[in-house]
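S.K.: Only the shape, not the letters, is given here:
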Ligand code: GAR
């Protein structure tokens with residue numbers, strides 16, 4: 001796929017762990033962009049733990065009983081960090097998560113749920129779907145947010161209900177679909193940060209959210225400008241075969257450019273053609289992009305080029 005190191009993933013389980021097994025076996029493909037480095041459980045008896053041990057994966061098990069939710073989550077969080085985990089996959093992890101833990105892993109924690117979300121959040125999904133007479137059920141993988149089984153859906157697979165299906169027969173068939181869906185969604189999530197298309201989409205969303213912002217091609221790059229006015233950001237991808245994916249924004253001048261580059265040479269650079277006129281490059285290809293920081297730079301750059309009549313609108317932007 002590419003020469004990036006594989007993303008380090010922890011799987012949190014509470015029981016059988018068949019989705020964890022699906023994630024693990026998929027990770028054995030040479031081109032899989034992630035590796036499973038830790039299996040953690042809130043139930044030391046979880047069957048999936050024995051399986052993980054047999055496969056030689058590090059495990060962590062501690063019962064949550066008698067502990068406050070946030071206190072238990074802090075222990076899990078410390079364990080994840082000890083293993084330098086980058087992404088967390090919940091796989092039948094039957095614990096409500098504390099808001100603090102969710103916030104720590106926002107955008108990097110995903111879950112699989114046995115329904116076509118947003119339908120049937122919570123438990124007993126198959127029984128409820130059968131009761132409702134649904135002809136199509138399925139499973140979903142979504143990013144985890146503070147709300148239970150909520151958060152942006154990354155993908156779903158539909159499964160047809162058969163005559164005579166019981167909750168158990170349906171669950172067994174949906175589980176096959178789950179095992180197909182989860183590894184693919186996890187791979188897509190970890191790979192997207194190295195996808196120029198995805199990075200451009202993220203930059204575009206933030207740039208075009210600024211007042212009067214528009215997009216055009218300039219110097220062969222997607223350029224964000226104030227309608228009828230100046231450019232405040234360029235998205236550069238392998239321009240002149242430099243292999244770099246970055247956002248170019250306006251710095252105040254040579255002095256600030258030099259200071260930024262000295263402070264963080266992995267993040268900032270002086271772009272070849274636009275550098276002399278005060279533009280600074282912010283790398284987007286280092287993984288783990290700080291999107292708030294990108295949004296702040298875009299807003300600042302917008303302010304630098306915005307005509308006076310628009311400056312009053314700056315109170316509406318970051
Ligand atoms: C799976 O069906 C999963 O979708 C479900 O628990 C099962 C775990 O099985 N998760 C939820 O209901 C979460 N709300 P597994 O341990 O064999 O992966």
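M.R.: Received it, and whenever you're ready, just let me know what you need. Nothing here was measured: the structure is a model prediction, and the numbers come from that model.
S.K.: Give me every residue in the stretch 1-150 of the chain lying close to the ligand.
M.R.: 13, 15-19, 91-92, 112-114, 149 (C-beta under 6 Å from any ligand atom). Where C-beta positions appear, they are placed from N, C-alpha and C, glycine not excepted.
S.K.: Filter the residues you listed down to the ones in helices?
M.R.: Counting by DSSP state H, these place 18-19 in helices.
S.K.: Compare the residues of the stretch 1-150 of the chain next to the ligand and tell me which is most surrounded.
M.R.: residue 13 (29 neighbours; other C-beta atoms under 10 Å).
S.K.: can I get the residues of the stretch 1-150 of the chain next to the ligand in CSV with pLDDT?
M.R.: Shown next, in CSV, are these (pLDDT from 0 to 100):
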residue, pLDDT
13, 97
15, 94
16, 95
17, 96
18, 98
19, 98
91, 98
92, 96
112, 98
113, 97
114, 98
149, 88
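S.K.: can you list the residues of the stretch 1-150 of the chain next to the ligand in JSON lines and add distance to residue 223?
M.R.: Rendered in JSON lines, the data for those read as follows (distance: C-beta to C-beta, whole Å):
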{"residue": "13", "distance to residue 223": "47"}
{"residue": "15", "distance to residue 223": "52"}
{"residue": "16", "distance to residue 223": "52"}
{"residue": "17", "distance to residue 223": "49"}
{"residue": "18", "distance to residue 223": "48"}
{"residue": "19", "distance to residue 223": "43"}
{"residue": "91", "distance to residue 223": "43"}
{"residue": "92", "distance to residue 223": "47"}
{"residue": "112", "distance to residue 223": "40"}
{"residue": "113", "distance to residue 223": "41"}
{"residue": "114", "distance to residue 223": "45"}
{"residue": "149", "distance to residue 223": "40"}
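S.K.: all helices for the stretch 51-200 of the chain, in order.
M.R.: Listed in chain order, the helices of the stretch 51-200 of the chain (DSSP state H, counting those that start in this stretch) span residues 69-82, 99-104, 125-131, 167-192, 196-207.
S.K.: For the ligand, what is the nearest residue in the stretch 101-250 of the chain?
M.R.: The nearest approach of the stretch 101-250 of the chain to the ligand comes at residue 114, 4.0 Å away (C-beta to the nearest ligand atom).
S.K.: isn't that residue right next to residue 129, touching?
M.R.: No. Using C-beta atoms under 8 Å, residue 114 is not in contact with residue 129; the gap is 9.3 Å.
S.K.: Now for the two: what residues contact both?
M.R.: With contacts taken as C-beta atoms under 8 Å, 6 or more residues apart in numbering, residue 114 and residue 129 have no neighbour in common.
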